[in-house]
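S.K.: Take a look and give me a structure for this.
(chains A and B)
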Number of protein chains: 2
Amino acid sequence: MAAIQQVAVVGGTHGNEFSGIYLIRHYQRHPELLQRQSFHAWTLFANPEAYRANKRYLDADLNRQFRREDLDNPALSNYEQSRAKVIDAVLGPKGNPKVDLVIDLHNTTSNMGPVLILTQAGDFYNQLAAYVKMKMPEAVISCDEDLLPAEDHKLLCTTGRYGVIVEVGPQPQSVLRQDVLEQMHSMTQHILDFADLYNRQALPALPSEVEAYRYLHSIKLPLNEQGERLGMVHSRVQDQDFKAIEPGEPIFKLFDGKELTYQGDTTVYPSFINEAAYYDNNLAMSLNEKITLAVPPVAGH
Amino acid sequence: MAAIQQVAVVGGTHGNEFSGIYLIRHYQRHPELLQRQSFHAWTLFANPEAYRANKRYLDADLNRQFRREDLDNPALSNYEQSRAKVIDAVLGPKGNPKVDLVIDLHNTTSNMGPVLILTQAGDFYNQLAAYVKMKMPEAVISCDEDLLPAEDHKLLCTTGRYGVIVEVGPQPQSVLRQDVLEQMHSMTQHILDFADLYNRQALPALPSEVEAYRYLHSIKLPLNEQGERLGMVHSRVQDQDFKAIEPGEPIFKLFDGKELTYQGDTTVYPSFINEAAYYDNNLAMSLNEKITLAVPPVAGH
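M.R.: Modelled structure (predicted):
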């Protein structure tokens, strides 16, 4: 497998998620934290205009603009659609990229802890997940829509040959928490270490499998026919990201006092519970299944 | 003392603080929760335009526009300055108000719990504080700038003869949490009950004093000469609203790894720690002193 030669660490894809913005600023001042023996790494501030406006985005969510077809369509011309084309030219172009590994730094208002989100399948990702989980047992591994071909992915990190998201919460929008910043820094350092050890064929022995959560679908808040909300996430579910929900358990509390239960027929694991940024779509949470990723043995072990 | 005849419950003074907006909507649908035997109560949605924009405000913080001098100045004409004049005409006019008690509902991203903020001094307020604390022991009583004459107060709730703020957190901006909504509802109900019992001279015996926190001043995040942040709230202080800070204890963690300590010479109690809305002013937290409010005896006890 070809080596990782170029690594981009991206912050501020959403302008009000502050940890990544401060972390890349810190790495710019301390390049020794970014560089490793076997690759060149650099930082990118993806949406500084949204940061200046103290908003997630100006016109459209930047992290939904990276389908190859959309990048190739000059009629998609608003601020983030334009900025996406510039970022694709810098990191990509998607399909034949300059950058081998994109690490995109995000925050959530949900109580998810430090999460490594994998957006594609493959041995590299599973070894990375096992390494991060070994070094940082509190990390959660999340697999997001891994059946889509890369060209149809909308996410910024899919512009690189490999791409992952570091997603850490809970942190309110436009706030910087020390604990969240430190968790993001730790996970990013482990990913950089992994890429360097991978290049140098110096990885330690890894466990043969690693637990992960695979995204199934999102569920909406209960609405009436006029689209008005009838209730909210149940307090028993609030903050319980990645904790099992069984069929029949309450998930919503209606304003009239009633409870709605989960109507599926299998155990699911919620994430992005009550995420502020998903609120205008009335999304209540994502549901995941628990899976096991097989980790191929590392050469030499 | 004249009775409380008109009560206004105000939500959405800040457009991204959702609990008050949903609570007044709930009260509109269930007027039996709002009305009491001895007064007329109604609701006001203070800044629906900011809510539609999913922002704290459009042009300026609405809850800083209620100085009498500013209300009388037609040159102060941006959206919130105009809306403040309308609200003053509805609730006030300040100085000779139609409304006897304004209850303004707010959220904070800080871990403050349910807080009753008193903006003026007086027997009515101290009895109210004692009643709320007796019914809801987890409530915190906060005294905000209580030495200013009402006409110089900038807060919306000072348009009424009496005015208080119900401030509940932690809740990220643009999120609705069941636990926070229920705390706001409980405190609001206790305030309405108090006003009714007060009118009917039917208050229960109250303790002779109640613990409160009096605002001293705010402190800023550490900045360099260019105004750039050099650090963040220390993780030992984060989420510890109303917990004592002693002189010499760490309060900031700098990005270079150093710690800054509290340089005052008395014990202080922080609030609004890392509040998202104060971030553009670089405010790190408010500092308070702990005080005791004397509660005058209730007639008949």
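S.K.: quick one: contacts for the nearest residue to A:Gly169 once chain neighbours are set aside?
M.R.: Spatial nearest neighbour of A:Gly169, chain neighbours left out: A:Thr108 (3.6 Å); criterion: C-beta to C-beta, 6 or more residues apart in numbering or on different chains. For the C-beta atoms, the positions are set from N, CA and C on the backbone; glycine is no exception. Contacts for A:Thr108 (C-beta atoms under 8 Å, 6 or more residues apart in numbering or on different chains) come out as A:Glu167, A:Val168, A:Gly169, A:Pro170, A:Gln171, A:Phe272, A:Glu275, A:Ala277.
S.K.: between those, which is closest to A:Asp239?
M.R.: A:Pro170 (7.6 Å; C-beta to C-beta).
S.K.: domain ranges for chain A?
M.R.: A:6-210, A:215-288 (automatic domain parsing).
S.K.: With B:Cys143 as the reference, name the closest of the ones you listed.
M.R.: domain A:6-210 (25.8 Å).
S.K.: Distance from the chain centre to the closest one, please.
M.R.: Relative to the chain's own centre, domain A:6-210 is displaced by 7 Å; criterion: C-alpha atoms, centre = their mean, to the nearest Å.
S.K.: since we're on A:Val295, how many residues are nearby?
M.R.: 21 (other C-beta atoms under 10 Å in any protein chain shown).
S.K.: Kindly provide the distance from it to A:Arg161.
M.R.: 20 Å (C-beta to C-beta, to the nearest Å).
S.K.: Could you do A:Asp144 as well?
M.R.: Taking C-beta to C-beta, one finds A:Asp144 at 18 Å from A:Arg161.
S.K.: picking that back up, how close does the residue nearest to A:Gly169 get to B:Ala46?
M.R.: Counting by C-beta to C-beta - A:Thr108 and B:Ala46 are separated by 29 Å.
S.K.: cool, and A:Asp196?
M.R.: Distance from A:Asp196 to B:Ala46, by C-beta to C-beta: 55 Å.
S.K.: And A:Leu293, by the same measure?
M.R.: From A:Leu293 to B:Ala46 the distance is 51 Å (C-beta to C-beta).
S.K.: between these two, which one's more packed in?
M.R.: Higher neighbour count among A:Leu293 and B:Ala46: B:Ala46, with 28 against 20, using other C-beta under 10 Å.
S.K.: Pull up the gap between A:Arg25 and chain B, please.
M.R.: As judged by C-beta to the nearest C-beta, to the nearest Å, A:Arg25 and chain B stand 8 Å apart.
S.K.: okay, now that residue: neighbour count?
M.R.: 17.
S.K.: Just list the residues touching it, thanks.
M.R.: A:Gly11.
S.K.: Over to it. Which of the three states is it?
M.R.: helix (DSSP: H, G, I helix; E, B strand; the rest coil).
S.K.: again, but for A:Leu76
M.R.: A:Leu76 - assigned by three-state DSSP - is coil.
S.K.: could you measure it against chain B, distance?
M.R.: 23 Å.
S.K.: any idea which element the residue lying closest to that residue once chain neighbours are set aside lies in?
M.R.: Leaving aside its sequence neighbours, A:Leu76 sits nearest to A:Asp70 (C-beta to C-beta, 6+ apart; 5.5 Å). Here A:Asp70, judged by DSSP states H and E, is contained in helix A:68-71.
S.K.: what is the mean pLDDT for the helix or strand just after that helix?
M.R.: Counting by DSSP H and E, the next helix or strand C-terminal to helix A:68-71 is helix A:79-91. For helix A:79-91, mean pLDDT rounds to 98.
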